[in-house]
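Visitor: Give me coordinates for this.
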Amino acid sequence: MDFKLQATDSNSNARAGQIVTGHGVIETPIFMPVGTVGSVKAVHIRELEDEIKAQIILGNTYHLYLRPGIDILEKAGGLHKFNGWKRPILTDSGGFQVFSLSANRKLKEEGAYFRSHIDGSKHLFTPEKVVDIQRSIGSDIMMALDECPPGDSDYQYAKKSLALTLRWLQRGWDRFNETESKYGYSQAFFPIVQGCVYKDLRTESARFVAELGAEGNAIGGLAVGEPTEKMYEMIEVVNEILPKDKPRYLMGVGTPANILEAIERGVDMMDCVMPTRNGRNGMLFTKNGIMNMRNKKWADDFEPIEADGAAEVDRLYSRAYLRHLFISQEILAMQIASIHNLAFYLWLVKEARRHIMDGDFKSWKNEMVVRMMQRL
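Guide: Have a look, this model is predicted:
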């Protein structure tokens with residue numbers, strides 16, 4: 001993997017760059033649709049490519065390991081061959097899912113013991129095993145196994161958690177460096193900065209991560225219950241330390257406003273389930289504000305969903321029709337809303353990139369945050 005920094009904003013830490021992987025080029029800043037089990041919910045690959053214009057999607061190690069299983073993925077030739085997506089894929093290590101989905105899980109020095117949320121079967125994720133699984137999945141970018149403590153964790157818990165995460169990170173990094181890709185293209189390994197909302201822990205973690213010299217780095221453990229101001233503060237602390245010549249990935253964030261605020265603070269890559277999850281529940285993000293498509297006010301509004309929207313569905317369907325689909329519990333409503341929201345997120349980061357290159361990102365961002373987060 002290669003990263004080239006192309007431009008920086010003169011009034012903030014926003015950056016525009018280019019990541020080159022074995023499955024294509026990614027222009028940053030970028031938003032990555034979440035395809036947990038190898039599929040972005042309710043969205044066909046054709047739509048991801050043509051309407052949404054996604055450059056990279058996510059898969060999840062925990063879910064893919066449990067189903068369809070690593071044997072199936074290896075027989076298919078990796079996740080790209082299995083799901084037909086020809087562009088880059090990033091896989092989360094599954095650590096967050098172990099801690100959030102498994103009621104019975106235990107953290108030991110060797111790794112995380114957990115029971116499957118599907119059938120209750122027992123499993124162990126070690127830092128080494130998670131690397132091996134991601135080698136079998138064949139993702140272009142793989143993540144280190146970490147513990148993601150809740151945003152309201154006390155200092156002692158966060159400190160103990162970070163110490164374990166850093167020991168796991170070293171083991172995962174060693175495993176990555178002693179193994180090779182299974183499918184003939186290179187894979188990158190991103191360590192994850194943790195430390196909850198505590199500046200000294202975030203600083204310690206970021207320094208450890210930076211010294212590894214990985215091809216890119218991630219910021220985890222944010223947007224998990226802490227105040228938004230604390231999230232932004234921790235991003236600033238970490239990005240002062242992480243190398244400027246490597247891409248920075250903020251995990252699991254967030255609203256359109258969060259996306260632009262993170263970009264302003266020097267983040268290059270982001271992902272979140274919000275555009276698809278909220279879309280399936282009738283919430284649309286637009287350039288002019290947030291629309292709840294279940295509201296009666298849209299019942300006889302025959303204007304396009306968004307006349308100048310980023311996707312064809314924005315002009316093809318009316319607001320009244322989309323509301324009708326949601327009220328009727330028609331599956332097509334979820335598909336239209338998911339396509340719209342993802343296309344909007346991808347449009348947003350593309351516009352952010354353009355304004356960084358043009359040198360007026362800060363003023364544009366300040367206007368957009370107010371405009372697009374109002375309720376319509």
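
Visitor: which element is residue 173 on?
Guide: helix 155-177 (DSSP states H and E).

Visitor: Residue 271 is in contact with residue 259, correct?
Guide: No: under the criterion of Cβ atoms under 8 Å, residue 259 lies out of contact with residue 271, with a separation of 10.2 Å. Glycine gets a C-beta too; all of them are placed from N, C-alpha and C.

Visitor: Helix, strand or coil: sort out residue 291 for me.
Guide: strand (DSSP: H, G, I helix; E, B strand; the rest coil).

Visitor: repeat for residue 91
Guide: Looking at residue 91 with three-state DSSP, the answer is strand.

Visitor: what sits against it?
Guide: If you count contacts by Cβ atoms under 8 Å, 6 or more residues apart in numbering, residue 91 has them with 58-61, 64, 79, 134, 137, 139, 141-143.

Visitor: Give me the subset of those lying in helices.
Guide: With DSSP state H as the criterion, helices contain 61, 64, 79, 134, 137 from among these.

Visitor: which residues does the third one contact?
Guide: Read it as residue 79. 38, 59, 64, 73, 85, 89, 91, 137-139.

Visitor: Tell me, how many residues neighbour residue 227?
Guide: Residues lying near residue 227 (other Cβ atoms under 10 Å) number 11.

Visitor: Please apply the same query to residue 313.
Guide: For residue 313, the neighbour count with other Cβ under 10 Å is 22.

Visitor: do the same with residue 371
Guide: Applying other Cβ under 10 Å, I find that residue 371 has 13 neighbouring residues.

Visitor: Ok, residue 358 next?
Guide: With other Cβ under 10 Å as criterion, residue 358 counts 11.

Visitor: quick revisit: neighbouring contacts of the helix holding residue 173?
Guide: 107, 109, 111, 126-128, 130-132, 142, 144-147, 149, 153, 189, 191-192, 194-198, 201, 204-205, 208-209, 212, 214.

Visitor: Just the strands from the stretch 201-350 of the chain, written as ranges.
Guide: For the stretch 201-350 of the chain, applying DSSP state E, counting those that start in this stretch gives strands covering 217-219, 248-250, 269-271, 283-286, 289-292.

Visitor: Can you tell me what sits against the first one?
Guide: Looking back up the chat, that one is strand 217-219. Residues contacting strand 217-219 (Cβ under 8 Å, 6+ apart): 143, 190-193, 209-210, 234-235, 238-239, 242-243, 246-251, 267.

Visitor: Recalculate using a threshold of 6 Å.
Guide: For strand 217-219, the external contacting residues (Cβ atoms under 6 Å, 6 or more residues apart in numbering) are 190-193, 209, 238, 242, 246, 248-251.

Visitor: And for the last one?
Guide: Contacting residues not belonging to strand 289-292 are listed as 282-284, 374-376 [Cβ under 6 Å, 6+ apart].

Visitor: what would the strands of the stretch 201-350 of the chain look like in TSV with distance to residue 345, mean neighbour count and mean pLDDT?
Guide: Listed next are the strands of the stretch 201-350 of the chain as TSV, based on distance: least, Cβ to Cβ, whole Å; neighbours: other Cβ atoms under 10 Å; pLDDT from 0 to 100:
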stretch	distance to residue 345	mean neighbour count	mean pLDDT
strand 217-219	19	27	98
strand 248-250	14	27	98
strand 269-271	9	24	98
strand 283-286	7	21	98
strand 289-292	13	18	98
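
Visitor: Reformat these into CSV and put distance to residue 29 next to each item.
Guide: Output for the strands of the stretch 201-350 of the chain, formatted as CSV (distance: least, Cβ to Cβ, whole Å):
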stretch, distance to residue 29
strand 217-219, 14
strand 248-250, 10
strand 269-271, 7
strand 283-286, 17
strand 289-292, 21
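
Visitor: So which of these is nearest residue 307?
Guide: strand 283-286 (10.2 Å; Cβ to Cβ).

Visitor: Pairing partners for that closest one, with directions?
Guide: In the sheet, strand 283-286 lines up against strand 289-292 (antiparallel) (DSSP bridges).

Visitor: From the chain's centroid, how far away is the partner strand?
Guide: 22 Å (Cα atoms, centre = their mean, to the nearest Å).

Visitor: how about the nearest residue to residue 335, chain neighbours excluded?
Guide: The shortest distance from residue 335 to any non-neighbouring residue, by Cβ to Cβ, 6 or more residues apart in numbering, is to residue 42 (4.6 Å).

Visitor: A helix includes the one you found, no?
Guide: No: going by three-state DSSP, the assignment for residue 42 is coil, not a helix.

Visitor: what sits against it?
Guide: By Cβ under 6 Å, 6+ apart, the neighbours of residue 42 are 334-335, 338.

Visitor: Could you measure from it over to residue 341?
Guide: In this view, residue 42 and residue 341 are 11 Å apart by Cβ to Cβ, to the nearest Å.

Visitor: tell me, what residue is most central in this protein?
Guide: residue 271 (2.0 Å; Cα atoms, centre = their mean).
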